[in-house]
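Chemist: Take this sequence and fold it.
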Amino acid sequence: MDIVRNADGTLVVPVQPERRRDADDAAEESLVGSEGEAPTEPATRLLHPGEGGYDEALAEWDLQQNPDRPPVVSTASGRQEAMHLLNTVATSDDHAVTPAVDALDDPGATGEALRHVLVGGVHSVEDFGAEVAEAEGGEPLPTHQTTKIIGEVLAELDERE
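Modeler: So this is what the prediction gives:
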């Protein structure tokens, strides 16, 4: 089952149900239950930006969109443009992603820089938010807001490919 990204930024991720076995039956049972039942389908969980595991799930979702994509590489110009983009979306009244992406000089490099941030995990996202605040002025964005904007930008960029 793939990870699904909802329009509001939440992610539906598969969760394997916990296997329960009695100690006496443990030696007799295999992957098929004692009554001949097959293991159940994976359950799902809804993750919100800022919730534990969200950044990792978003990075995995992004990889699912294009599994043949080579490893991400962040360039200085892509990172600069990504910082400006993040600040532009965060400080706009309507938080509109489409016009901010339309204004990019190099959408590919910006997307790679944002993917590079996600692959680094929660601390990478936190550090990126602080770096944006230092470069663009203002207070650092909360990590969940930074991650949500990155997800929206990557979804917009993927739609354009």
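Chemist: tell me how far the helix or strand hosting Ser77 is from the chain's mean position?
Modeler: Per DSSP states H and E, Ser77 falls inside helix 76-91. Mean C-alpha position of helix 76-91 versus that of the full chain (CA atoms, centre = their mean, to the nearest Å) differs by 17 Å.
Chemist: Over to stretch 61-71?
Modeler: The answer for stretch 61-71 is 12 Å, by CA atoms, centre = their mean.
Chemist: same deal with stretch 47-61?
Modeler: 5 Å.
Chemist: Need the contact partners of it.
Modeler: 2-5, 9-13, 115, 118-119, 121-122, 125, 142-145, 147-148, 150-151 (CB atoms under 8 Å, 6 or more residues apart in numbering). Placement of C-beta: from N, CA and C, glycine included.
Chemist: hmm, back to that, could you pull out the buried residues of the helix holding Ser77?
Modeler: Gly78, Arg79, Glu81, Ala82, Met83, His84, Leu85, Leu86, Asn87, Thr88, Val89, Ala90 (16 or more other CB atoms under 10 Å).
Chemist: repeat for stretch 105-123
Modeler: Applying 16+ other CB under 10 Å to stretch 105-123 flags 107, 109-120, 122 as buried.
Chemist: counting contacts, what elements does whichever strand or helix holds Ile150 pack onto?
Modeler: Applying DSSP H and E as the criterion places Ile150 in helix 143-160. Contact partners of helix 143-160 among helices and strands, from 3 or more CB pairs under 8 Å, 6 or more residues apart in numbering; DSSP states H and E: helix 54-65, helix 76-91, helix 97-102, helix 107-119, helix 122-136.
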